[in-house]
Each structure stands twice: as C-alpha cells, then as structure tokens.
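Asks: sequence first, then the predicted structure:
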Amino acid sequence: MIVKKNISLKSYNTFGIDARAQFLLEIENDEQLSEAYQSSQFRALPKLVLGGGSNILFTKNQRKAILKINIRGIEVLDQKGHEVRVKVGAGEAWHQFVLWCLDHDFGGVENLSLIPGTVGAAPIQNIGAYGVELKDVFESLEAYEIKSGKIRSFNKEQCQFDYRHSFFKGRGKDQFVITSVTFMLTTRPIFNVSYGGIQQMIDEKELELNIRNISASVIHIRQTKLPDPINIGNAGSFFKNPIIEKPLYDALSLIYEDLPHYHVDLGSIKIPAAWLIEQCGWKGKRMDQIGVYERQPLILVNYGEGKGKEILKLSEQIQASIQKKFGIELAREVNVF
C-alpha cells in the first residue's frame, strides 16, 4: 500500500480543486483495504473513498485518510449461450471497461461510453445515459464491510437501484467499499438508439447498426456537448433531473407550453434540469474562475483557479432561483466534502 502525506488532491478530482489531504492511501487489493481500516496507524482517522474523482467537489482541506481505490482486473467468469458474465475490479476506469467490451463484442454498456469515473463508483449512483442505466447490465458486486472487516456480496435487489441512487447512497452509505462488480453482458445486444440523437447520427452517417457505432455516436455527442475535464474542470452533470408530481406539472405546462418532460409513471414526470437552469438565465454565465458551461447548463465548471466553496455557492444560487421560479427543488448529483 502506497501512503502519501499532506498531498494536493488537484490531480485526483476532475474539478481540479486544489484541496489537500492529510493522507492518501493507494489501495490495490482487498488486503490493503482491510489494512487501511484495521491498522493502528489509520484506524482512528476518518476516511473518504475515492474512485476517479469525477463526482466530487472539495470545498476544504481534508483532515482524513483518502482511500484511492486502484483495484484492477477484468475477468470473463463464464459464457452461457449469448450471455456473458464479466467481473471487473473497482479501480478500473469505466470508459476503458466499455472499450474492452467493444473489443470483445460484448454488448450492453455501449450507450454508457465516455462516462468518467471508475467501475466501483458506477453502482453507487446507478450511472446512466442515453436510455441505459447500470442496473440494466448489473448482476452482482462485492464490497468490504467496514464494521465487520469482511467481503460481502450484493445482488441487484439488495442494491436497491433507483434513479441515480442505490443502497450505497442511502442506508448503506459509508458502511461499505465496493471492490468488484460483475456484469451480465451479451453477444446478441438489443440496440437502444431512441435517445439523445443516436439514431439521427447513425442515419446521417449511414452507419451499420452495431455496438461500436452506437458507442462512437455517443462519444461524438458527448464531446460536442460536454467539456473535457483535462481542459476545463468539471464533474459532469452537477444536478439530477427532478421528478415532480402531475399537479405541479399540469400547472407549469399552462405557463410554459414548451415545457420538456418525460413520464416516469402515471403520477410522476421528469423535467430536464438543463432546461430549468437555462430558463433562469444561468447558461454560459461566468463569475471570474467559475461558471455554468455555455453548451450544457447542467455542468458547473472551474476555469483554472476556482475554489470549491465558490462552486458550491453558485450551485446554491441556481437551486434557489429554480425553487423561486418553478417551485421545483433541484438536487445535487455531485458529492460535496
């Protein structure tokens, strides 16, 4: 286990916030993870588990031990007919895993191309994009239980997946560290191209409908709309799309005839947070070193020397304006520390 002291976290978070950590422990296997929690040197310290740092905002220096999960490995467990079970270490980069699937002609995750972060972080918020969520390809995971020091297995039902939510963001928060995830993939994929302009791009370029071209289309769309954290610090979508009750939707639709929406069930409607933010005039706004991205208002950005506290304050101002204008509570997707 590699231990670093008083280290800058700037290169460990995609916002590029220059907070410092008292300790940073690089974890490469289950034994090192157990050592981080059980050893006398670190047992008493509060801890923060870090994957790719793509869904986190640091607002202060961290007087704790940061556990950087670097557990690697991709293994085909078995293949029955056209179904393939693949076990992946929590420290693998998510997009690299997607590319591995494409190379092996395993379908199921192509719509989730170019999502930042690690495989271990993906189930925590049930990542999703372009009509697909992680739960659609999830079979099980293994996690270190902090209290007992044992590895536990979780199936899909036990993970309690919901929209950008799971057991590990709710009742199980801060009780487990995910060490591996097992996926159920397929050699006979059902293509999902109805969302976000994928079908249009495939038609315009006269592409064959397959997982590689779906992935390439998703990557192109994302790169067109979203800033690369290497160039502009960001954590992707800062807010969740709110789900509102039908009476509120009915009232708002009388005022805003072009109100975009997606029916979740008979009584609930999802409203795009980006539309709400743009209607409140935030799109493209810049305040010195921070701002709202000009092409996608869901994304708050750090232009170089921004502070975490400044970005948090901006997010709270956006939330307040949407509450005032629409009566809708906008929830953060990014974790704040």
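Replies: Good, I have the coordinates. Residues are numbered from 1 along each chain as shown.
Asks: looking at the chain, which helix or strand does the model trust least?
Replies: None of the helices or strands of the chain scores lower by mean pLDDT, DSSP states H and E than strand 262-265, at a mean of 89.
Asks: need the next SSE after that strand, C-terminal direction.
Replies: strand 268-270 (DSSP states H and E).
Asks: Gly327: neighbouring residues, count only.
Replies: For Gly327, the count of nearby residues is 11 (other Cβ atoms under 10 Å). Just so you know, the C-beta spots here come from the backbone N, C-alpha and C atoms, and that holds for glycine as well.
Asks: tell me which element the closest residue to it other than its chain neighbours falls in.
Replies: The shortest distance from Gly327 to any non-neighbouring residue, by Cβ to Cβ, 6 or more residues apart in numbering, is to Leu248 (6.5 Å). According to DSSP H and E, Leu248 maps onto helix 246-255.
Asks: now stretch 89-107: buried residues?
Replies: 89-95, 97-98, 101-102, 106-107 (16 or more other Cβ atoms under 10 Å).
Asks: let's see which of these end up in strands.
Replies: Gly89 (DSSP state E).
Asks: from the buried residues of stretch 89-107, which is closest to Leu207?
Replies: Leu102 (14.4 Å; Cβ to Cβ).
Asks: ok, the closest one - contacts?
Replies: Glu110, Ile211, Arg212, Ser215 (Cβ atoms under 8 Å, 6 or more residues apart in numbering).
Asks: in space, what's closest to the residue most central in space within the chain - neighbours in sequence excluded?
Replies: By Cα atoms, centre = their mean, the chain has its centre lying nearest to Ile127, at 5.1 Å. Among residues not flanking Ile127 along the chain, Leu134 sits closest, at 5.0 Å (Cβ to Cβ, 6+ apart).
Asks: how about the longest helix anywhere in the chain: buried residues?
Replies: For the chain, the helix reaching the highest residue count under DSSP state H is reported as helix 308-326. Applying a neighbour-count criterion of 16+ other Cβ under 10 Å, the buried positions in helix 308-326 are Gly308, Glu310, Ile311, Leu312, Leu314, Ser315, Ile318, Gln319, Ser321, Ile322, Phe326.
Asks: among the contacts of Leu102, which pair sits farthest apart?
Replies: Top of the distance list for the contacts of Leu102 (Cβ to Cβ): Glu110 and Arg212, 7.6 Å.
Asks: these two: which is more packed in?
Replies: Ranked by neighbour count (other Cβ under 10 Å), Glu110 and Arg212 place Glu110 first, with 26 against 14.
Asks: what's near enough to touch the more buried one?
Replies: Counting by Cβ under 8 Å, 6+ apart, Glu110 has contacts Val98, Cys101, Leu102, Pro189, Ile211, Arg212, Ile214, Ser215, Val218.
Asks: mind redoing it with 7 Å?
Replies: Val98, Leu102, Ile211, Ile214, Ser215 (Cβ atoms under 7 Å, 6 or more residues apart in numbering).
Asks: and Lys313, by the same measure?
Replies: With Cβ under 7 Å, 6+ apart, Lys313 has no contacts at all.
Asks: name the nearest residue to Tyr249, sequence neighbours excluded.
Replies: In space, Tyr249 is closest to Ile269, 4.5 Å off (Cβ to Cβ, 6+ apart).
Asks: rewinding a little: what pLDDT does the residue nearest to Ile127 get?
Replies: You'll see Leu134 listed with a pLDDT of 97.
Asks: run a quick neighbour tally on it.
Replies: 24.
Asks: now it: how far from Gly51?
Replies: From Leu134 across to Gly51, the span is 14 Å (Cβ to Cβ, to the nearest Å).
Asks: that's all I had, so thanks and see you.
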